[in-house]
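Visitor: Just the structure for this:
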Amino acid sequence: MAADDKIDALFQLPLDEFTAARNELAKQTGDGSIKKIEKPNLAAWAVNQLYWHQRKLYDEVIKTSTQVRTAYRQMLAGKSADVKAADVFHAEAMRKAKDAIRKILEAAGNNTSDALMTPVNETLDALPTTDPPGRLTKPLRRTGFEALQGVTIAAKPIHGLHGLHGRAGKPETKTPAADETDRERKKREADQQELAMAKERLRFAEAAEREAEAALDRAKRTLERAERTRERIEGELEEAVIAEKGARKEVSSSESAFERARAESERLRKKIG
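Guide: Prediction:
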């Protein structure tokens, strides 16, 4: 079994077996980095089990989440999008996934209190994420959104336009009170749309911030491993240089002793002969 497959197998174990199995795997492989793999908390473990054992439900959450985000991007860009339908399908996928996770938790002897299901729900709502699927160690909170790059927010409607034509192609006649009410309604609708857009942009911005923070954390850990490797290699190199110098001295000393012994042998042979 490949190393990645063995690590995947760790995340499929009952949670109380994770640490011992991880340490044993690190010992067997001699890979110290495996021992540093963080044990998942219960909420993250539960979502991992959905990925490993209920893949169809997990994939449906990913699919509908992507559809919701696509619909919102289209709406914010002023394009036609059925956001409500996308939300409905996503909510149904979330409901099925949460029901399955409750059964997984109960089968493992855990309760399904609100304190546990809240981070489970937040993690499901944040999918998809850049974290490796099935290997979550902590709950997520709206990570996985892409920033709204290239999306231009549609201009809000212009209020108070007069001279609009009716069905017969003639200007509509409105009383001042009716005209004012119409302007107020349009302004209220425009304000509501602008607020909804602002809230959605904030969701994307916060998600982009969290993704950047997670990427920075991963980069720092990679740098730390590289520095440790460099320090180890430099230490080994220093030891090798010292050993080389000692060996050269020993060779030089042995050569001198050999030359002296050979010279003495030659002298004695000449004296005897």
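Visitor: Could you give the number of residues near D59?
Guide: 13 (other C-beta atoms under 10 Å). Yep, even glycine has a C-beta here, placed from its N, CA and C like the rest.
Visitor: Ok, F89 next?
Guide: Count around F89 with other C-beta under 10 Å applied: 16.
Visitor: What's the mean pLDDT across the host helix or strand of R183?
Guide: Secondary structure from DSSP states H and E places R183 in helix 176-272. For helix 176-272, mean pLDDT rounds to 78.
Visitor: So which other helices or strands are in contact with it?
Guide: Where contact means 3 or more C-beta pairs under 8 Å, 6 or more residues apart in numbering; DSSP states H and E, helix 176-272 is packed against helix 55-76.
Visitor: counting contacts, what elements does the helix it packs on pack onto?
Guide: With 3+ C-beta pairs under 8 Å, 6+ apart as the test, helix 55-76 has helix 42-53, helix 83-107, helix 176-272 packed against it.
Visitor: would you turn those helices into CSV with distance to E122?
Guide: Listed next are the helices and strands packed on helix 55-76 as CSV, based on distance: least, C-beta to C-beta, whole Å:
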stretch, distance to E122
helix 42-53, 8
helix 83-107, 11
helix 176-272, 12
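Visitor: Which one of those helices lies nearest to E24?
Guide: Closest of those to E24 is helix 42-53, at 18.7 Å (criterion: C-beta to C-beta).
Visitor: how distant is that closest one from the center of its chain?
Guide: Chain-centre distance of helix 42-53: 15 Å, with C-alpha atoms, centre = their mean, to the nearest Å.
Visitor: Show me which positions of it end up buried.
Guide: 43-51 (16 or more other C-beta atoms under 10 Å).
Visitor: ok, so of those residues, who is nearest T29?
Guide: Closest to T29, out of all of the buried residues of helix 42-53 and judged by C-beta to C-beta, is N48, at 21.4 Å.
Visitor: you'd agree that closest one is up against K138?
Guide: No: here N48 does not reach K138: they are 11.2 Å apart, not a contact under C-beta atoms under 8 Å.
Visitor: SS state for the closest residue to M75 other than its chain neighbours?
Guide: Leaving aside its sequence neighbours, M75 sits nearest to A81 (C-beta to C-beta, 6 or more residues apart in numbering; 4.5 Å). Of the three states, A81 takes coil according to DSSP: H, G, I helix; E, B strand; the rest coil.
Visitor: Quick check: A81 vs D87, distance?
Guide: 11 Å (C-beta to C-beta, to the nearest Å).
Visitor: Show me which of the two is the more surrounded one.
Guide: Remark: of A81 and D87, A81 carries more neighbours, 18 against 15, as counted by other C-beta under 10 Å.
Visitor: The more buried one contacts R69, doesn't it?
Guide: No: taking contacts as C-beta under 8 Å, A81 lies outside contact range of R69: 10.7 Å.
Visitor: Just give me the neighbour total for P132.
Guide: 13.
Visitor: Work out which residue lies at the spatial centre of the chain.
Guide: Closest to where the C-alpha atoms of the chain average out (C-alpha atoms, centre = their mean) is D131, at 2.6 Å.
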